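In: whatever this is, show me its structure:
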Amino acid sequence: GGPGVGPEWELGVVVFTNLQTASQEFHKYTHMKRVSPVIKTLQDCGIILPRPVHQNHHRSPFGDNYCIVNGVMNSLLHSTHFFRRLEKIVYTCTGNEPRCWQLSEGMKEGVLRENYSAATTAATDRSSTNNRQEGNAE
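Out: Sure thing, here's the model as predicted:
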């Protein structure tokens, strides 16, 4: 290794890089129409991200289900309003509104008032309406 960099640091970088690459592959599989039987089994068991779980992320207002390894953290991040809080920080610092605020009436106002339940209800109502219009079953 280089000066001042120990083997633990080097191992950490190698592990992180490989896990990051794997996560992108798992995400890629959710967008493929056909995957190998091994990948399908891993998706069905929830070891890697199942296609239906990730497809929720691609429905308006596009505000949740960002976890691309296996989706396990989605419910925790949703229940703690992690992304709504992060959106508020980004908006406060930059003035940039996330797309989900633009697509979900009342979400922006709810987030800015820190009324995350109202923001979540606005997003859920909008998503349900869009899914019905697209012919998707709830």
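In: just the helices in the protein please.
Out: Using DSSP state H, the helices of the chain run over 7-30, 37-44, 51-55, 74-79, 82-94, 99-103, 107-112, 116-133.
In: which neighbouring elements make contact with the second one?
Out: Contact analysis of helix 37-44 by 3 or more C-beta pairs under 8 Å, 6 or more residues apart in numbering; DSSP states H and E lists helix 7-30 as its packing neighbours. C-beta: built from backbone N, CA, C; applies to glycine.
In: just give the nearest non-adjacent residue to residue 78, would you?
Out: residue 64 (5.6 Å; C-beta to C-beta, 6 or more residues apart in numbering).
In: for this structure, which spans come out with low pLDDT?
Out: The chain contains residues with pLDDT under 70 at 1-3, 120-138.
In: residues in contact with the one residue sitting closest to the centre of it?
Out: Nearest to the mean C-alpha position of the chain, counting by C-alpha atoms, centre = their mean, stands residue 66 at 0.6 Å. Contacts for residue 66 were tallied using C-beta atoms under 8 Å, 6 or more residues apart in numbering; they are 57, 74, 77, 83.
In: again with residue 70
Out: If you count contacts by C-beta under 8 Å, 6+ apart, residue 70 has them with 26, 46, 47, 48, 49.
In: redo these as CSV? Include neighbour count and distance to residue 34.
Out: Putting the contacts of residue 70 into CSV (neighbours: other C-beta atoms under 10 Å; distance: C-beta to C-beta, whole Å) gives the following:
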residue, neighbour count, distance to residue 34
26, 20, 16
46, 12, 20
47, 13, 19
48, 22, 16
49, 25, 16
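In: among those, which pair sits farthest apart?
Out: 26 and 46 (11.5 Å; C-beta to C-beta).
In: neighbours of the residue lying closest to residue 44 once chain neighbours are set aside, how many?
Out: In space, and not counting its chain neighbours, residue 44 is closest to residue 50: 6.9 Å by C-beta to C-beta, 6+ apart. Neighbourhood size, residue 50 [other C-beta atoms under 10 Å]: 18.
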